[in-house]
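# sequence and predicted structure below; questions after.
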Amino acid sequence: MSAEGEVRSPWIVEQPRLTGKIQLAAYDPEWPALFEREAIIAKAGGRS
């Protein structure tokens with residue numbers, strides 16, 4: 001499979017086009033805890 005095919009394969013419909021700017025940020029040591037919190041929220045059914 002080509003790289004383009006690998007990028008498109010997870011999408012059921014056409015993948016969204018990213019037209020805005022992408023902001024890169026320096027690593028924040030608090031990120032692992034924030035991602036863990038988001039994972040717990042997602043497993044619990046999301047936010048209300």
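Looks like it came in fine. Note that the structure is a prediction, hence the values are computed from the model and not measured.

# pLDDT on the longest helix seen in the chain, on average?
If you go by DSSP state H, the chain has its longest helix at helix 31-43. Regarding helix 31-43, the rounded mean pLDDT is 93.

# how near is the residue positioned nearest the centre of the chain to P29?
Centroid check for the chain by C-alpha atoms, centre = their mean gives F35 as the closest residue, at 11.0 Å. Going from F35 to P29 by C-beta to C-beta, to the nearest Å gives 12 Å. The C-beta positions use only the backbone N, C-alpha and C, and glycine is treated the same way.

# next: Q15.
32 Å.

# so which of these two has more stuff around it?
Q15 (11 against 6; other C-beta atoms under 10 Å).

# tell me the SS of the more buried one?
coil (DSSP: H, G, I helix; E, B strand; the rest coil).

# per-residue confidence for E6?
Model confidence at E6 (pLDDT) stands at 67.
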